[in-house]
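Q: no FASTA, just this:
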């Protein structure tokens, strides 16, 4: 599902980059047309990629019950957290974009969440329904939940200052599964987590504790898309204590430090893992 985020960034960059002749025309159009053009561009990119890479149109429409976090599933639920996180991220980023075009904060969050659910959720699942994957209600529920969380977080900055949703990817992680060309589905080297940041609390924001955060995360190992035996598969919950890199690097890189609100850098925390 992180492919969708890549498509999203690619589509918007084409629309907004100063290097393209359409930039001035797009920049001077109404916010309503910007919204329409952006959604059409993202949907077109998804459909084109789906036919080229995901096998859209190769089978008759069918449903697929993939399950959630059971050991019998392909990825132990890590893919579902990937869906949730991706739609959360899309909603957060598009909310800022729509707001910069002149939409109110409430409408920006609403339209961004609808873009996320409609394109990254429903449209993709319909396309999957015509491929070997099938329409997954589990994926669509995770997509919708991620968009809902993104909507709530954007409209409640006090919550967003305290709690982040992040993903971590460590390409150097030594596992019994070879690195995949497509890192977006390399769940053997991926984690998803929530981070509670002390910097978001008034009593800590002017103390050294503002650099401290607490993690609650999940990752699966030894699944590798059904190719490994069920007996050896691991589902892992963990708690951790880490560095708030966004707070730490803010004096150096300013607003760009917000990247760390969405991406967890490996080896910047200590953890206690519970396997089940």
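A: In hand now; what should we look at? In this text, all values refer to a predicted model and were calculated from it rather than measured experimentally.
Q: pLDDT weak spots in the stretch 51-200 of the chain?
A: Per-residue confidence for the stretch 51-200 of the chain (pLDDT under 70) gives these ranges: 174-183.
Q: what are the ranges of the helices in it?
A: In chain order, the stretch 51-200 of the chain shows helices spanning 78-100, 105-115, 124-129, 137-155, 157-160, with DSSP state H, counting those that start in this stretch as the criterion.
Q: out of these, flag the one nearest residue 259.
A: helix 78-100 (11.2 Å; C-beta to C-beta). C-beta here means a position set from N, CA and C on the backbone, and glycine is covered the same way.
Q: so what secondary structure elements neighbour the closest one?
A: helix 2-16, helix 31-53, helix 105-115, helix 137-155, strand 163-169, strand 190-197, strand 212-221 (3 or more C-beta pairs under 8 Å, 6 or more residues apart in numbering; DSSP states H and E).
Q: got TSV for those, with mean neighbour count and distance to residue 95 too?
A: Putting those into TSV (neighbours: other C-beta atoms under 10 Å; distance: least, C-beta to C-beta, whole Å) gives the following:
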stretch	mean neighbour count	distance to residue 95
helix 2-16	17	13
helix 31-53	16	12
helix 105-115	21	4
helix 137-155	21	4
strand 163-169	20	14
strand 190-197	20	19
strand 212-221	20	23
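Q: which of these sits closest to residue 69?
A: strand 212-221 (8.1 Å).
Q: give me the distance from the closest one to the chain's centre.
A: Averaged C-alpha coordinates place strand 212-221 at 15 Å from its chain's average position (C-alpha atoms, centre = their mean, to the nearest Å).
Q: got the angle between it and helix 78-100?
A: An angle of 130 degrees separates the directions of strand 212-221 and helix 78-100 when computed by axes from the mean of the first three to the mean of the last three C-alpha atoms, to 10 degrees.
Q: possible to save the helices and strands packed on helix 78-100 as a markdown table with distance to residue 80?
A: Compiled in a markdown table, the helices and strands packed on helix 78-100 are given as follows (distance: least, C-beta to C-beta, whole Å):
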| stretch | distance to residue 80 |
| --- | --- |
| helix 2-16 | 13 |
| helix 31-53 | 19 |
| helix 105-115 | 18 |
| helix 137-155 | 5 |
| strand 163-169 | 13 |
| strand 190-197 | 9 |
| strand 212-221 | 10 |
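Q: quick one: closest of the ones you listed to residue 99.
A: Across the helices and strands packed on helix 78-100, closest to residue 99 is helix 105-115 (C-beta to C-beta), at 4.0 Å.
Q: which helices and strands does that closest one pack with?
A: The criterion is 3+ C-beta pairs under 8 Å, 6+ apart, and the helices and strands that helix 105-115 contacts are helix 31-53, helix 78-100, helix 137-155.
Q: which one of those helices lies nearest to residue 230?
A: Residue 230 sits nearest to helix 78-100 of all the helices and strands packed on helix 105-115, at 15.6 Å, using C-beta to C-beta.
Q: report the angle between that closest one and helix 137-155.
A: Using the same axes, to 10 degrees: helix 78-100 against helix 137-155 is 40 degrees.
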